[in-house]
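**Student:** This is a predicted model, with the sequence first.
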Amino acid sequence: MKKTVIILGILIIGCLNALNAQDIEDLMKENKPKEYVIATFKGTRAINFHTIEVPGPKTLEFRISHRFGTLNSGAYNLWGLDGGANIRFGLEYSIDGRFEFGLGRTSTDKVFDGFLKYKLFRQTTDNKMPFSLTLFSSMFYTTLKDPYTDGVAYYPYATSRMSFCNQLLIARKFGSRFSMELIPSMVHYNQVDQLEDKNDVYLLAGIGRFKVSRSTAITAEYGLRLNKYTNQEYYDSFGIGFDIETGGHVFQMVFTNSFGLIEPQFYPHTTDSWSKGGIRFGFNISRVFTL
């Protein structure tokens, strides 16, 4: 009888210890910090389109974007390199690695822009959060001289010069090499050219990235317009790029049918078609500084 009691006591103590160890293990798992997927995209842009990424904490990014003329302009124009160019300079800053704000100036239409970007959800390595979601909102203001017609102002009010873009940036990294992003978007113009034109343009854009090596990647982007907002002929924005990372620099060589460098230009107002040779060579350069 005593032996039976002793054996039962040993078994009970062993079970309690096992349960206690399991409780401690579960508690450690619960308290273990979440591990987030990093570098879904290498930069804050694919080619023209914004990615979910923002600079790191207390990081300033200086960005230059440049687009040449079209390849179908011929040898005399050096396949677009001699033609007029579109250039944008931008400064972007992140306080905590999740919230970002930026300012920029684009040469075409002499547009100043500002935007806010916030990474709301971040993909986790355990897939409890299977994707990342970033909120994006921007405002644009053209400073073109008013082309008065018979004494009538084209821009009767300061607000007539403004346009806006709001987006949801939804992305997932599939393994170590491939990432995708979907971008439901709306572009709003306070003033349109014709009475029959619509002020709001709805789009669904997409980005893909394939990492070739540790420092190089191929990117592609496409912006599908969902509503016919004007009677003029425009095309969906489509681009292919090659990224090269060199330390604090990211250099992107791109081919796109869009001359515009900001959302109100390249999403709704792309005038050239890939099928007709309306392809433009360009590049993006970014440099980050930790402040």
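**Tutor:** Happy to help now that I have it.
**Student:** Flag every buried residue along the strand or helix carrying residue 252.
**Tutor:** If you go by DSSP states H and E, residue 252 is part of strand 249-256. Neighbour counts over strand 249-256 (16 or more other Cβ atoms under 10 Å) mark 250, 252, 254-256 as buried. In this view, the C-beta of every residue, glycine as well, is placed from N, C-alpha and C.
**Student:** quick check, nearest of these to residue 221?
**Tutor:** Closest approach between these and residue 221, by Cβ to Cβ: residue 256, at 8.2 Å.
**Student:** what sits against that closest one?
**Tutor:** Listed by Cβ atoms under 8 Å, 6 or more residues apart in numbering, the contact set of residue 256 reads 47-48, 67, 237-240, 266, 279-280, 282.
**Student:** Take those residues and keep only those in helices.
**Tutor:** residue 266 (DSSP state H).
**Student:** Throw together a PyMOL command that grabs the buried residues out of the contacts of residue 256.
**Tutor:** Those of the contacts of residue 256 that count as buried under 16+ other Cβ under 10 Å are selected in PyMOL with:
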select buried, resi 47+48+67+237+238+239+240+266+279+280+282
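**Student:** got TSV for the buried residues of strand 249-256, with pLDDT and distance to residue 219 too?
**Tutor:** Output for the buried residues of strand 249-256, formatted as TSV (pLDDT from 0 to 100; distance: Cβ to Cβ, whole Å):
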residue	pLDDT	distance to residue 219
250	87	11
252	95	8
254	97	8
255	97	11
256	97	11
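**Student:** Save the residues you listed as TSV, and put in distance to residue 207 too.
**Tutor:** As requested, the buried residues of strand 249-256 are exported to TSV (distance: Cβ to Cβ, whole Å):
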residue	distance to residue 207
250	15
252	13
254	13
255	15
256	13
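**Student:** of those residues, closest to residue 193?
**Tutor:** residue 256 (23.5 Å).
**Student:** Please name the residues that touch the closest residue in space to that closest one that isn't next to it in sequence.
**Tutor:** Counting by Cβ to Cβ, 6 or more residues apart in numbering, the nearest residue to residue 256 once its immediate chain neighbours are dropped is residue 239, at 3.3 Å. When contacts are counted by Cβ under 8 Å, 6+ apart, residue 239 touches 46-48, 220-221, 254-258.
**Student:** Run a quick neighbour tally on residue 105.
**Tutor:** Using other Cβ atoms under 10 Å, residue 105 has 15 other residues around it.
**Student:** make that residue 82, sorry
**Tutor:** So residue 82, with other Cβ under 10 Å, has 13 neighbours.
**Student:** what's the answer for residue 284, then?
**Tutor:** With other Cβ under 10 Å as criterion, residue 284 counts 25.
**Student:** Could you give the bridge partners of it?
**Tutor:** Counting by DSSP bridges, residue 284 forms beta bridges with residue 65, residue 252.
**Student:** Now do the same for the residue nearest to residue 256: its pLDDT.
**Tutor:** For residue 239, the model assigns a pLDDT of 97.
**Student:** Check residue 156 too.
**Tutor:** The model's pLDDT for residue 156 equals 92.
**Student:** Please give me every residue in contact with the spatially closest residue to residue 72 that is not a sequence neighbour.
**Tutor:** Spatial nearest neighbour of residue 72, excluding adjacent residues (Cβ to Cβ, 6+ apart): residue 277 at 3.2 Å. Counting by Cβ under 8 Å, 6+ apart, residue 277 touches 70-72.
**Student:** before we move on, back to that, tell me the one among the contacts of residue 239 nearest to residue 245.
**Tutor:** residue 46 (14.3 Å).
**Student:** Start and end of stretch 188-206, how far apart?
**Tutor:** 20 Å (Cα to Cα, to the nearest Å).
**Student:** Sort out which residues of that stretch are buried, please.
**Tutor:** 189, 197, 201-203, 205.
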